[in-house]
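Colleague: Turn this into a model:
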Amino acid sequence: LLGFDGDLYRVCSAAVGKKTWWESGNDGDFNNEIAHRCVGASRNILRLLTGRPGWGWTMCQNLQWQVCAAKGKLPGQRL
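Modeller: Numbers count the residues shown, from 1 in each chain. Model prediction:
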């Protein structure tokens with residue numbers, strides 16, 4: 001599943017039958033919640049998170065993930 005965080009959250013939430021919007025005042029962590037919902041929806045997503053400057057998402061990492069997805073090598077993926 002490719003897209004922006006809000007789109008990923010909506011798609012995964014809808015697939016597991018939960019509300020499709022995130023309220024910033026919610027108890028819990030958005031990163032944890034989106035991960036659990038997408039796993040529950042059997043959707044693979046790429047989200048690179050780091051507290052180190054310069055260590056976040058790169059186009060090379062994105063391409064590597066897409067190639068693995070195309071080859072059916074993502075965890076839980078069945079082609």
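
Colleague: C-alpha only now, for contacts and for neighbours.
Modeller: Noted.

Colleague: does the residue nearest to the spatial centre of the chain count as helix, strand or coil?
Modeller: The centroid of the chain falls nearest to I45 when counting by C-alpha atoms, centre = their mean (3.4 Å). Under the three-state scheme (DSSP: H, G, I helix; E, B strand; the rest coil), I45 adopts coil.

Colleague: what's it in contact with, if anything?
Modeller: Listed by C-alpha atoms under 8 Å, 6 or more residues apart in numbering, the contact set of I45 reads 1-2, 8, 38.

Colleague: of all the residues you listed, which two lie farthest apart?
Modeller: L2 and C38 (11.8 Å; C-alpha to C-alpha).

Colleague: So these two - more neighbours on which side?
Modeller: For L2 versus C38, the count of surrounding residues by other C-alpha atoms under 10 Å is larger for C38: 22 against 13.

Colleague: Grab the nearest non-local neighbour of that one.
Modeller: Excluding its sequence neighbours, the residue lying closest to C38 (C-alpha to C-alpha, 6 or more residues apart in numbering) is C12, at 4.9 Å.

Colleague: try A14
Modeller: Using C-alpha to C-alpha, 6+ apart and skipping residues adjacent in sequence, the residue nearest A14 is T20, 6.0 Å away.

Colleague: what do you get for S13?
Modeller: Per C-alpha to C-alpha, 6+ apart, closest to S13 is T20, 5.2 Å.

Colleague: still on that earlier bit, for the strand or helix carrying the residue nearest to C38, which outside residues touch it?
Modeller: Per DSSP states H and E, C12 falls inside helix 5-15. For helix 5-15, contacts defined as C-alpha under 8 Å, 6+ apart pick out 1-2, 19-21, 34, 37-38, 40-41, 43, 45.

Colleague: Next: stretch 58-75.
Modeller: By C-alpha under 8 Å, 6+ apart, stretch 58-75 touches 44, 46, 77-79.

Colleague: Spatially, which two of these are the most separated?
Modeller: L46 and L79 (18.2 Å).

Colleague: more crowded one of these two?
Modeller: More neighbours surround L46 than the other of L46 and L79, with 16 against 7 (other C-alpha under 10 Å).
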